[in-house]
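>>> Need a 3D model of the following:
(chains A and B)
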Amino acid sequence: MTRTYPDDPADAFPRPPRTITDGEGREIEVVAADATDTEDLVEMYLDFNPEDRAQGIPPVKDEAIRKWLDVILGDECLNVVARHEGDAIGHATLVPDNEDEQELAIFVLQAYQGAGIGTALVQTLLGHGQDQGVGKVWLTVERWNEPAIALYEKVGFETSNTESFEVEMAIRL
Amino acid sequence: MNVLLGVGGSDLSYRALDETLTRASETGDDLTVAVYEDDDADEGVETVSRRVRERIEESGVEATIRRIEGSSPGSDLVNIAESEDFDRIVLGGGNRSPLGKIQLGSIVEFVLLNAQTPITLIR
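Numbering: from 1, shown residues only, chains lettered A, B, ... in the order given. I've put the predicted structure just below:
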């Protein structure tokens, strides 16, 4: 399958680590993460509201969460975590596919949604990707998830395919 | 029950075949397996057809195999189910992206949205 990417690369994104003040006045740290953050992320995903799941992820049960995190926190993947007072409250990940492209996803706990943390996570993850030489990033999002689509567009993603249930979007770094 | 199973050569379509054969051997369902080429799988219709025949023979279930040659197997499945009074369409589908997101292929999606016949999705 060939994906369509924007012709022009995006501008430079902020690199991790960084600290932002979110829309609710909370200090949020956005830092690079790897397998050593597994336990904190398991905690976060056990608190994740099932309503906010999309396309079958994140998994619900402890064991399934760990199995999934094993894959996306692997050496080939890039991750950033948002922390508030030390606790993981948001997570963004880039996972390579076999075409030298990377799939992106973000997750924010419900109490922290709508405060700009998702945007900061995506931007910082893309900055991390630019540092590591990542060229092409894609994602899928459910067609009715307008807040997420608006977020990705604001960051610079362009819609590349709307034929299926999910909208596919892509960005060139 | 008169069941129409679609198999396009993906791993999940073979799983759907196995589950449907097991069920048919228990219930005595009438089974027709429609084989076609699915762009999301790597097998031509000849290969799919041969593998399906082998599995049916192994199972001992009596089933009819027919081939869909057109370029829109989803639409053909819907038409066959309606015009020949099938009670149910069975399809396998729902592959996972590198990140673990479940994605339905275009044939499955077409059938889910357009069929007037009840559908079982095996994933």
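>>> partner residues bridging the spatially closest residue to A:Arg26 that is not a sequence neighbour?
With sequence-adjacent residues excluded and distances taken as C-beta to C-beta, 6 or more residues apart in numbering or on different chains, A:Arg26 is closest to A:His84, at 5.6 Å. In this view, the C-beta of every residue, glycine as well, is placed from N, C-alpha and C. In this structure, A:His84 has beta-bridge partners A:Asp87, where bridges are defined by DSSP bridges.
>>> Around A:His84, count how many other residues there are.
Under the neighbour criterion other C-beta atoms under 10 Å in any protein chain shown, A:His84 is assigned a count of 18.
>>> which stretches of the chain form helices?
With no chain named, the answer covers chain A. Counting by DSSP state H, chain A forms helices over residues A:38-46, A:62-72, A:117-131, A:146-155, given from the N-terminal end onward.
>>> Wait, chain B was what I had in mind.
Using DSSP H, the helices assigned to chain B run over residues B:11-27, B:45-59, B:73-83, B:106-114.
>>> can you tell me which of those comes nearest to chain A?
Between chain A and the helices of chain B, the tightest spacing by C-beta to the nearest C-beta is seen for helix B:106-114, at 5.8 Å.
>>> What distance do you get for A:Thr159 to A:Thr4?
Applying C-beta to C-beta, to the nearest Å, the value for A:Thr159 to A:Thr4 is 9 Å.
>>> B:Gln42: neighbouring residues, count only.
Gln isn't right for residue B:42; it's Asp. Counted with other C-beta under 10 Å, the neighbours of B:Asp42 add up to 9.
>>> ok, the residue nearest to it when sequence neighbours are not counted - contacts?
When the adjacent residues along the chain are set aside, B:Asp42 lies closest to B:Gly9, with 7.1 Å between them (C-beta to C-beta, 6+ apart). B:Gly9 makes contact with B:37-38, B:41-43, B:47-48, B:51 under the criterion C-beta atoms under 8 Å, 6 or more residues apart in numbering or on different chains.
>>> rerun at 6 Å
Contacts for B:Gly9 (C-beta atoms under 6 Å, 6 or more residues apart in numbering or on different chains) come out as B:38, B:41, B:43, B:48.
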